[in-house]
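1. A structural model of the following input is requested.
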Amino acid sequence: MAKFGTHSKKERATLHVDLQAVFDAAIERTDFTILQGNRNKVDQEAAFEAGHSRLRWPGSKHNQSEGDFDKSDAGDIMPYPIEWPDKRNDHPLEYIRKMMRIFELQRIIFEEAERLGVQLKWGGMFQSLFDAPHVERIPNG
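-> Numbers count the residues shown, from 1 in each chain. Alright, predicted model coming up:
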């Protein structure tokens, strides 16, 4: 059975408890890494400058949860072992295989979220930026 490694455990601790619960349930079904949870101001500005985020501090769901700047309503996850899809260099079948691993992980995440009554958004469905690793909690209310 899969379990979170040291890095994933550290990032998990920065997530809202609802995301922690979803990820805890999903790790029972498939192996994945939590790449990032909460981003402080320096990390968020770096993500913006690198083009990995369209938002500056503190506008990202990675920056806070319900006003708590130590928690996050967003996490970035990837199937383990990590294989980044590369449109420019991968053979089409290899690219598709890597993307299917991400889609399968997100299917499991959303099934567990539904079971637990947690509403999520997936970055793969964003209109402005395709962000396949990104999952964010939609706060109740």
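2. make it CA atoms for all contacts and neighbour counts henceforth
-> Fine.
3. At which residues are the strands of this structure located?
-> Here the chain has its strands, by DSSP state E, at 32-36, 74-79, 120-122, 134-137.
4. List the strands paired with the last one, with their directions.
-> Here the strand partners of strand 134-137, with direction, are listed using DSSP bridges: strand 74-79 (antiparallel), strand 120-122 (antiparallel).
5. same thing with the first one?
-> Strand 32-36 has the following sheet partners, assigned by DSSP bridges: strand 74-79 (antiparallel).
6. now what about the partner strand, what contacts it?
-> Strand 74-79 is contacted by residues 15, 19, 30-38, 61-62, 101-102, 105, 133-137 when judged by CA atoms under 8 Å, 6 or more residues apart in numbering.
7. pLDDT on it, on average?
-> Confidence for strand 74-79, expressed as mean pLDDT, is 98.
8. chain center to it: distance?
-> Chain-centre distance of strand 74-79: 3 Å, with CA atoms, centre = their mean, to the nearest Å.
9. Repeat that for stretch 11-20.
-> With CA atoms, centre = their mean, you get 11 Å for stretch 11-20.
10. what's the answer for stretch 122-136, then?
-> Relative to its parent chain, stretch 122-136 has a centroid offset of 9 Å by CA atoms, centre = their mean.
11. One more: stretch 86-105?
-> 17 Å.
12. Ok, stretch 75-91 next?
-> On the basis of CA atoms, centre = their mean, stretch 75-91 sits 13 Å off its chain's mean C-alpha point.
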